[in-house]
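Asks: Predicted model and sequence below, questions to follow.
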Amino acid sequence: MKHLYLKRLSPLSRSLAISFAALGIAGESVAVETSYAPVSITSSFADVMKQDIANKPALMNKHKKLLNERYVLSEKVDSEVTMSGGKPLPVGPTARLKEGVSWDSLSRMSPEEIREKGIFPYLPLPHISPAGGGLVVPPTQLESHPELVRFDMDFDLPEAYLPEFPAPLYLISRPDLGDVTGGEELTINNYYSKLNGILTPLQLDGMRLLVTPVAQQQFNVTDDRKAKLAQDVVSCFSCHVNGHTSGVFHLNPDNRPQLTRFRIDTPSLRGVNIQQFFGSKRALRSLEDFSEVEAKTAYFDGDPVIGLKKGARRFTREEIASMAAMQNMIAFPPAPKLGIDGRLNPAKASASELRGEKIFTQSCSSCHAAPYYTDNSAHDLQVERFYDGRAEGLIKTFSLRGIKDSPPYLHDGRLLTLEDTVEFFNLILELDLARQEKSDLVAFLRTL
């Protein structure tokens, strides 16, 4: 009977039904194209873990094959230009072009021609397991946080293409102090000794909440978790380490059905005070609302029903206010070549950087305007002009201040370097930039 049921489903629905079956959910009882995740799990935790561990090698091999087909992962870095904490910048472009195709020839083609030939180099980057989804943590972070290890999958991108861990934390209220962490990761164990006497009592309490471990979709006490131990171990700063990002990725909360959801790369909280709307839904108009919704839904793959089941933290309005107050103190990293207007100081900038700024002003500043390099809006890039696939829709205009500290780029992390980012937008905006112009543009972005 179950096999007849699966035959009646679309390929997407059939795949979901099989995924749910692995959790012990009978096919006949599942409305597969639904907005909700399964609530009642009938298989034991031991059985599900055993099956996930057995499936993991094939899952990871399939995903690594996809990455190697799309990218040349040489892990090349430029040690002369570093992130704010000293980590060398990764150098690209990393995208693997089809045989006989060059960046110059690609930029001269129309979107329709690129789509027809199937040669667009920057397809959306999928989650390792779209059916399962969830938060996946880089190995460097797992060295000090083994409690965040998943038994069903590993992180996929090489460390060279990730932000430094831990990243420096700069405060708007105390720019004279530089990195207030002293090069350490802030946790519930050390935040007070590090920040007492620097933050206000309200901000300090907000930091306490931001580093306090709570329940999350894959890390909690229920039998459908993806960690061996039943414990609440994820805090806001597990993804936004020191108010920045470590490269953790998961699924965005606002697309359904499940297998069509986009991978989302954790954005930085630096300079969040200048933002006017929040969240991948772009529907939240205050940092307070964002902090509350994040804890209730985003922590649970965008499903408040599952959040209720797994123990979502219910913050009071006073707690939400203190969390927002703390986040509003997180500053952009220093940019010594920028003046108070956010533009390059000609006395400090190189000729290449100045040429890059001119190109940026002509081609990019309508969305990324100085001094913060955002228009606080969202735009549909219509990337699907270049490939057969689902429309990606609106993408928030994130600030480019401190962008060198935040690889990989774009909402799903498909652009591993700034060079890839320039090549992507050269195609998307149909700029047809020369090789030197692209190099100059990268040089400018590194100054921000």
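Replies: Yes, it's here.

Asks: switch to C-alpha atoms for all contacts and neighbour counts from now on
Replies: Fine.

Asks: Could you identify the longest helix within this structure?
Replies: helix 45-70 (DSSP state H).

Asks: which parts of the next helix-or-strand element following it are buried?
Replies: Using DSSP states H and E, the helix or strand that follows helix 45-70 towards the C-terminus is strand 77-82. For strand 77-82, burial by neighbour count (16 or more other CA atoms under 10 Å) applies to 77, 81-82.

Asks: helices and strands around the helix or strand just after strand 77-82, which ones?
Replies: Later in the chain than strand 77-82, the nearest helix or strand by DSSP H and E is strand 88-90. Packing partners of strand 88-90 (3 or more CA pairs under 8 Å, 6 or more residues apart in numbering; DSSP states H and E): strand 77-82.

Asks: which helices and strands sit right next to the strand it packs on?
Replies: When contacts are defined as 3+ CA pairs under 8 Å, 6+ apart, strand 77-82 packs onto strand 88-90.

Asks: In the helix or strand that the strand it packs on is followed by, which residues are buried?
Replies: Downstream of strand 88-90, the next assigned helix or strand under DSSP H and E is helix 103-107. Neighbour counts over helix 103-107 (16+ other CA under 10 Å) mark 103, 106-107 as buried.

Asks: After helix 103-107, which helix or strand is next?
Replies: Using DSSP H and E, the first helix or strand after helix 103-107 is helix 111-117.

Asks: Average pLDDT for the next helix or strand after that next one, rounded please.
Replies: Note on helix 111-117: by DSSP H and E, the next helix or strand toward the C-terminus is helix 139-142. Taken as a whole, helix 139-142 has a mean pLDDT of 98.

Asks: go on, stretch 54-70?
Replies: Averaging pLDDT residue by residue across stretch 54-70 gives 97.

Asks: and the most centrally placed residue in the chain, what does it touch?
Replies: The residue lying closest to the centre of the chain (CA atoms, centre = their mean) is Asp265, at 1.1 Å. Taking CA atoms under 8 Å, 6 or more residues apart in numbering as the contact definition, Asp265 lies against 247-250, 408-413.

Asks: hey, where'd the strands end up in this structure?
Replies: Counting by DSSP state E, residue ranges of the strands within the chain are 77-82, 88-90, 249-251, 263-265, 378-380, 394-396.

Asks: Report the separation between the nearest residue to Ser377 once chain neighbours are set aside and Ala369.
Replies: Leaving out its chain neighbours, the residue that sits closest to Ser377 by CA to CA, 6 or more residues apart in numbering is Thr397, at 5.7 Å. Between Thr397 and Ala369 the computed distance is 10 Å (CA to CA, to the nearest Å).

Asks: Need the overlap of contacts for the two.
Replies: Residues touching both Thr397 and Ala369 by CA under 8 Å, 6+ apart: Asp375.

Asks: Pull the number of nearby residues for Leu204.
Replies: Around Leu204 sit 21 other residues, with neighbours defined as other CA atoms under 10 Å.

Asks: Pretty sure it sits against Asn196.
Replies: Yes. Applying CA atoms under 8 Å, one finds Leu204 in contact with Asn196, separated by 7.2 Å.

Asks: The residue nearest to the centre of the chain bridge partners, please.
Replies: Phe249 (DSSP bridges).

Asks: returning to that earlier point: could you list the buried residues of the longest helix of the chain?
Replies: For helix 45-70, the buried set under the neighbour-count rule, 16+ other CA under 10 Å, comprises 45, 48-49, 52, 59-60, 63, 67, 70.
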